[in-house]
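Novice: Return a 3D structure for these sequence lines:
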Amino acid sequence: MNFRFCSLASGSSGNCLYIETNTSKFLIDAGLSGKRIEILLKGIGVSPDELDAIFVTHEHSDHSAGVGVLARRYDLKVFGNENTIMSMGKKLDKLFEKNIEIFSSEKSFEYRDILFTPIPLFHDASEAVGYSIEYGNKKISIVTDTGWISNPMKDIIRNSDIYYIEANHDEDMLKNGFYPWPLKQRILSTRGHLSNEHTANVLTELLNGKNETVILGHLSKDNNTPDIAYETVAKILKDHKYKIEDSKDLILKVAPRYEPTDIIEI
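Specialist: Take a look at the predicted model:
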């Protein structure tokens, strides 16, 4: 069974994830220009015309900027809930109705032989979702752009083999940084973004210590660094007795902002 994952780009500059199974090749979000995504795909050995679909989390440009361009150019299916599709507006201009697939954020759905469970998020978008994606007996969960992870969300993503999860900011860097106070309030709110510490504490409730992979994504360029995110999360996990360095319990990585991660196969 072929189930492969790669973060092509991550952060407020643009987000795009690539997933491949035996039957499908698709993106989660396309928040960069179509040209840039084509270059990133070719960099991991994937031709853009091999893609089948794009699954959109929400309408913010760092997640949706290239959706319409790629969908028109390569005749791709675009999946999103109704509010997200409506909020994308002109980004989907000239896209045929046959290319748009609307789902309910409250129900799992199948695409080919893959099971998608939308994860309703706490974010200042029209109806943001993450995704839990199951193929065979393996599971990948994607949770970014949320200011809170509720118990129902934890129940959906529990027992994943890969957790791609937001570690947006270091709280001290954000509070002491140059952002205006209203923006700081928005980021710190339950409809903003997850801090490194919040993410780590959630992971301690989810991880089984069975060699899962955790990828920290959507880091702030101004209020976080890859080293701080990694060290903060790693310390809390180690305090809860998880082994990281020798990979007996889990693998912890940080998604680069502008370039792909290694392709992870589970």
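
Novice: Going by C-alpha atoms from here, please, whenever you check contacts or count neighbours.
Specialist: Will do.

Novice: bridging residues for the closest residue to D262 other than its chain neighbours?
Specialist: With sequence-adjacent residues excluded and distances taken as C-alpha to C-alpha, 6 or more residues apart in numbering, D262 is closest to C6, at 6.4 Å. In this structure, C6 bridges to Y18 when assessed by DSSP bridges.

Novice: doesn't L17 make contact with V56?
Specialist: No: V56 is beyond contact range of L17, at 10.5 Å (criterion: C-alpha atoms under 8 Å).

Novice: shared neighbours of those two, which are they?
Specialist: 28-30 (C-alpha atoms under 8 Å, 6 or more residues apart in numbering).

Novice: Take those and keep only those in helices.
Specialist: Among those, none falls in helices (DSSP state H).

Novice: Among the residues you listed, which lie within strands?
Specialist: Among these, the subset assigned to strands under DSSP state E consists of I28.

Novice: can you tell me which of the shared contacts of V56 and L17 lies nearest to D170?
Specialist: Proximity of those to D170 (C-alpha to C-alpha) peaks at D29, which lies at 24.7 Å.

Novice: which residues touch that closest one?
Specialist: 15-17, 54-57, 63-64, 67.

Novice: Can you lay out those residues as a markdown table showing secondary structure, neighbour count and distance to I44?
Specialist: Formatted as a markdown table, the contacts of D29 follow (DSSP: H, G, I helix; E, B strand; the rest coil; neighbours: other C-alpha atoms under 10 Å; distance: C-alpha to C-alpha, whole Å):
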| residue | secondary structure | neighbour count | distance to I44 |
| --- | --- | --- | --- |
| N15 | coil | 26 | 16 |
| C16 | strand | 25 | 13 |
| L17 | strand | 24 | 12 |
| I54 | strand | 26 | 17 |
| F55 | strand | 22 | 20 |
| V56 | coil | 26 | 21 |
| T57 | coil | 29 | 23 |
| H63 | helix | 23 | 20 |
| S64 | helix | 26 | 21 |
| V67 | helix | 29 | 19 |
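
Novice: could these be laid out in JSON lines, adding distance to N137 and pLDDT?
Specialist: Below are the contacts of D29 laid out as JSON lines (distance: C-alpha to C-alpha, whole Å; pLDDT from 0 to 100):
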{"residue": "N15", "distance to N137": "27", "pLDDT": "98"}
{"residue": "C16", "distance to N137": "24", "pLDDT": "98"}
{"residue": "L17", "distance to N137": "21", "pLDDT": "99"}
{"residue": "I54", "distance to N137": "23", "pLDDT": "98"}
{"residue": "F55", "distance to N137": "21", "pLDDT": "98"}
{"residue": "V56", "distance to N137": "24", "pLDDT": "98"}
{"residue": "T57", "distance to N137": "24", "pLDDT": "98"}
{"residue": "H63", "distance to N137": "28", "pLDDT": "98"}
{"residue": "S64", "distance to N137": "30", "pLDDT": "98"}
{"residue": "V67", "distance to N137": "29", "pLDDT": "98"}
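
Novice: Setting aside sequence neighbours, what's the nearest residue to V56?
Specialist: In space, V56 is closest to D29, 4.8 Å off (C-alpha to C-alpha, 6+ apart).

Novice: again with Y135
Specialist: Nearest to Y135 is I114, by C-alpha to C-alpha, 6+ apart, at 5.1 Å.

Novice: Can you report how many residues lie near the one you found?
Specialist: 15 (other C-alpha atoms under 10 Å).

Novice: Could you measure from it over to E106?
Specialist: 17 Å (C-alpha to C-alpha, to the nearest Å).

Novice: Apart from its neighbours in sequence, what residue is nearest S189?
Specialist: G147 is the one closest to S189 (C-alpha to C-alpha, 6+ apart), at 6.0 Å.

Novice: Sorry, wrong one. I was asking about K91.
Specialist: K91 sits nearest to G68 (C-alpha to C-alpha, 6+ apart), 5.3 Å away.

Novice: and that neighbour, that one's in a strand?
Specialist: No: counting by DSSP: H, G, I helix; E, B strand; the rest coil, one finds G68 to be helix, located in no strand.
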